[in-house]
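> pasting the sequence and the predicted model now:
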Amino acid sequence: MKSLAWLALASAALVPLGGQALAQDVTAASPDGSIVLTVGTDGDSRPVWSLSRKGKLLIAPSKLGFVLADGLNMVRGFSIAGSEKTSADDTWEQPWGERRFVRNTYNQVTVRFRQSEPQGSKLMNVTFRLFDDGVGFRYELPRQAGLETMKIADETTEFDIVPKGTAWWIPGGEWNRYEQVYQQTPIDGVSTAHTPITMKLDDGTHLSFHEAALVDYAGYWFKRADGQKFRTTLSPSAGGPRVVRTLPFATPWRTIRIADGAAGLVESDLELNLNEPNRLGDVSWIKPARYIGIWWGMIRNDWSWAEGPLHGATTARTKKYIDYAARHGFRGVLVEGWNKGWNGDWFGHGDAFSFTEPTPDFDLNAVTRYARSKGVRLIGHHETGGNIANYEAHMDDGFALYAKLGVDVVKTGYVADAGGIIADTDAPGGTPGPMRMEWHDGQRMVQHHLAVVQAAARHHIAINAHEPVKDTGLRRTYPNWIAREGARGMEYNAWGTFSNGPEHEPTLVYTRMLSGPMDFTPGVLSLEGAKGPLASTLAKQLGLYLAIYSPIQMAADFIEQLDKHPREMDFIKSVPTDWSQSHLIAGEIGDYAVFARRDRQSPRWFVGGVNDATARTVKLAFDFLEPGKRYKAAVWKDGDGATYLTEARHKISYETRTVRKGDSMDVWLAPGGGVAMRLEPVR
């Protein structure tokens with residue numbers, strides 16, 4: 001074992017806290033010794049931690065603790081009462097995902113803090129788990145006299161980043177939730193950000209700050225305090241305290257991914273490893289798959305969710321989409337607007353939504369029966385308008401109906417401005433009381449989303465949440481939480497010319513996508529929104545299937561438009577949604593990203609990626625292939641002169657070649673362009 005080695009390295013790399021090394025300071029290191037943690041107290045008896053990597057200070061001494069709403073704060077008067085260390089090295093299997101097997105190797109230390117009697121005599125443990133590619137830590141509040149319930153006004157966890165660098169981030173606490181364009185600024189130019197927030201330090205080190213296992217707690221925003229010192233601030237609650245918990249409990253993990261380059265950041269499984277194993281048992285009923293849907297027409301305002309002459313979700317149109325899905329191998333057909341409640345002003349209200357009653361022109365029983373006869377499944381839809389009071393009262397009936405009809409995936413929605421969630425209980429299943437307004441990422445909504453996923457699992461239904469709380473790796477514990485939105489998706493391309501700029505997707509890869517799968521809904525092969533073109537070439541629409549991971553992938557365009565592109569559909573119909581391996585083989589944050597992924601069900605590999613507004617030639621190495629085998633590579637790439645700025649966005653070239661491990665290929669990526677490949681072993 002490596003335990004003696006890392007303990008020795010930890011001692012050698014001790015970072016003094018409070019101005020001098022103290023006997024009570026606790027140190028630990030990652031299994032390879034590159035990351036070293038020091039925990040202690042400063043001159044004001046405040047708990048502090050610091051982190052170094054490869055001998056350089058990365059996080060300067062940073063404070064830990066809580067501000068309470070009903071008692072003395074848990075920030076001063078602490079001393080270390082003891083500590084315990086453990087290690088682990090195991091591998092676990094994902095039921096679906098970017099890779100089949102996940103290595104979980106770490107060293108762990110739990111530091112026990114005791115507060116002085118004048119400050120309240122409270123007990124607080126902090127557990128740090130150190131991996132070779134980062135660190136996670138959480139507070140653990142044990143049972144203790146005089147503190148049965150903690151009412152947390154805010155958390156005072158600090159991250160004092162030492163080296164200079166660049167950050168990619170979106171503002172936290174703004175009206176549009178996570179659906180914002182990413183900013184690129186110096187680290188000290190960040191204000192308050194959602195996580196994940198990604199940084200590239202001047203020495204090339206890559207960082208991502210996020211959290212794992214967000215359960216019964218408020219999501220945190222990454223708030224700059226001064227210079228490059230950041231502090232957690234919890235999402236607000238209408239109840240006053242941002243978190244109310246009965247002891248004992250543990251907070252979510254505060255996480256930092258650390259890597260030498262972009263690939264190490266993207267391929268890390270740190271947050272997944274910090275979540276609990278699968279609690280659902282046999283989840284073979286969860287089926288990764290491709291789908292189409294009655295959706296893009298509503299987004300473009302060609303059709304309507306509301307009843308009337310433009311109503312999109314009719315029986316006849318749905319059967320037409322089912323026929324197309326059956327012909328082209330799509331498992332699912334998403335139908336939005338099938339149920340009562342869409343008429344009038346539903347945005348941010350949602351009290352009229354029914355989850356069991358269809359509109360007069362949609363025969364739910366006939367449609368699901370027809371789908372089953374064709375080997376296709378309807379993908380259900382539950383929009384709440386942000387009204388969780390209405391949804392929690394009726395969602396179980398909705399899931400039971402869907403299960404009876406063979407619907408095993410449901411897209412949920414919470415369309416309301418940030419802070420506009422309507423609740424009437426303190427927790428799911430509670431006694432209804434006065435209405436109050438909550439935040440999409442506050443404790444009440446964190447509780448709600450988990451209650452939805454658990455209720456759906458009882459009916460063998462998977463959940464794809466839109467306008468969600470951020471992903472924190474809970475798909476490991478609840479594998480039916482298959483995807484979510486949580487960023488600006490394809491729909492923004494329907495609402496304005498270049499609304500999502502060409503750099504949007506190659507930024508998502510290194511920011512939002514570090515949290516987990518996203519239902520981005522690629523495959524708009526017409527490249528046309530309602531008000532103008534997309535900032536994309538045709539090849540980029542194919543590259544998105546590799547760059548933006550999800551176990552459910554949509555071909556979002558009208559089926560009439562998909563029919564106009566048989567050669568592109570050849571790729572879309574063949575690209576899997578479940579992988580045994582995934583590797584970022586080329587890329588830089590915000591510039592471009594190219595992945596190689598191996599099908600879990602066959603020996604085929606797929607390669608694809610996306611580019612920003614700058615044309616570039618990228619050398620792709622086929623080092624990921626199995627040695628001694630030849631592969632036939634079918635290639636879809638930007639045609640000569642392609643660019644998202646003109647009609648040349650439709651230019652695409654096709655190529656077939658034979659490749660093997662050790663070969664490389666120069667690929668030209670157009671402005672707003674991309675590439676896609678299918679590699680099949682040659683017998």
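Perfect, thanks for sending it.
> and the most far-flung residue of the chain relative to its centre, which of the three is it?
Distance from the centre of the chain peaks at residue 118, with 43.0 Å (C-alpha atoms, centre = their mean). Secondary structure state of residue 118, per DSSP: H, G, I helix; E, B strand; the rest coil, is helix.
> excluding chain neighbours, what is closest to it?
Counting by C-beta to C-beta, 6 or more residues apart in numbering, residue 118 lies nearest to residue 77, which is 6.6 Å off, once chain neighbours are set aside. (Glycine included, C-beta is placed from N, CA and C.)
> can you give me the helices for the protein?
Ranges of helices within the chain are 3-12, 262-266, 270-273, 296-299, 315-328, 364-373, 388-405, 443-458, 492-495, 504-508, 538-547, 559-563, 566-574, based on DSSP state H.
> what's the closest of those to residue 426?
helix 443-458 (7.6 Å; C-beta to C-beta).
> quick check: the residue nearest to residue 118 touching residue 119?
Yes. Contact criterion C-beta atoms under 8 Å: residue 77 and residue 119 qualify, at 3.0 Å.
> low-confidence regions, the protein specifically.
Residues of the chain meeting the criterion pLDDT under 70: 1-23.
> what about stretch 146-157, start to end distance?
24 Å (C-alpha to C-alpha, to the nearest Å).
> no, scratch that, I was asking about stretch 436-443
Start-to-end, stretch 436-443 (C-alpha to C-alpha) is 13 Å.
> when residue 77 and residue 119 are compared, which one has more neighbours?
Per other C-beta atoms under 10 Å, whichever of residue 77 and residue 119 has more neighbours is residue 77, with 21 against 15.
> identify the residues contacting that one.
Counting by C-beta atoms under 8 Å, 6 or more residues apart in numbering, residue 77 touches 45, 115-116, 118-120.
> could you give the number of residues near the nearest residue to residue 244 once chain neighbours are set aside?
Spatial nearest neighbour of residue 244, chain neighbours left out: residue 151 (5.3 Å); criterion: C-beta to C-beta, 6+ apart. By other C-beta under 10 Å, 16 other residues sit near residue 151.
> likewise for residue 519?
As a burial measure, residue 519 scores 26 neighbours (other C-beta under 10 Å).
> may I have the beta-bridge partners of the residue nearest to it when sequence neighbours are not counted?
Distances taken as C-beta to C-beta, 6+ apart place residue 483 nearest to residue 519, at 4.4 Å, with adjacent residues excluded. Beta-bridge partners for residue 483, by DSSP bridges, are residue 464.
> what's the closest of the helices of the chain to residue 290?
Comparing these by C-beta to C-beta, helix 566-574 comes nearest, at 7.2 Å.
> list the buried ones in the closest one?
By neighbour count on 16 or more other C-beta atoms under 10 Å, the buried set for helix 566-574 is 568-569, 571-572.
> got it, and stretch 139-159?
139-141, 147, 150-159.
> now, which of the residues you listed sits nearest residue 479?
Closest approach to residue 479 among these (C-beta to C-beta): residue 140, at 25.7 Å.
> for that closest one, give me its contacts.
110, 124-127, 248-251 are the contacts of residue 140 under C-beta under 8 Å, 6+ apart.
> do that again at 7 Å, thanks
Residue 140 sits next to 125, 127, 250 when contact means C-beta atoms under 7 Å, 6 or more residues apart in numbering.
> show me the beta-bridge partners of it.
residue 125, residue 250.
> quick revisit: farthest pair in the buried residues of helix 566-574?
Farthest pair in those, by C-beta to C-beta: 569 and 571, 7.3 Å.
> tell me the domain boundaries of the protein?
For the chain, the structural domains run 3-92+101-273, 302-465, going by automatic domain parsing.
> now render those domains as a markdown table, adding distance to residue 502.
Shown next, in a markdown table, are those (distance: least, C-beta to C-beta, whole Å):
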| stretch | distance to residue 502 |
| --- | --- |
| domain 3-92+101-273 | 12 |
| domain 302-465 | 25 |
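> to residue 611, which of the ones you listed lies closest?
Taking C-beta to C-beta, domain 3-92+101-273 is the member of the domains of the chain nearest to residue 611, at 14.4 Å.
> in contact with the nearest residue to residue 58 once chain neighbours are set aside, which residues?
Distances taken as C-beta to C-beta, 6+ apart place residue 51 nearest to residue 58, at 5.0 Å, with adjacent residues excluded. By C-beta under 7 Å, 6+ apart, residue 51 lies in contact with 35, 37, 58-59, 135.
> likewise residue 70?
Residue 70 touches residue 151, counting by C-beta under 7 Å, 6+ apart.
> one step back: residue 346: which of the buried residues of helix 566-574 is nearest?
Relative to residue 346, the closest of these is residue 572; by C-beta to C-beta it sits at 32.3 Å.
> I'd say the closest one and residue 523 touch.
Yes. Contact criterion C-beta atoms under 7 Å: residue 572 and residue 523 qualify, at 6.0 Å.
> which residues are common contacts for the two?
In contact with both residue 572 and residue 523: residue 555, using C-beta under 7 Å, 6+ apart.
> tell me the contacts of residue 307?
Shown in contact with residue 307 (C-beta under 7 Å, 6+ apart): 342-343, 359.
> sweet, I'm off.
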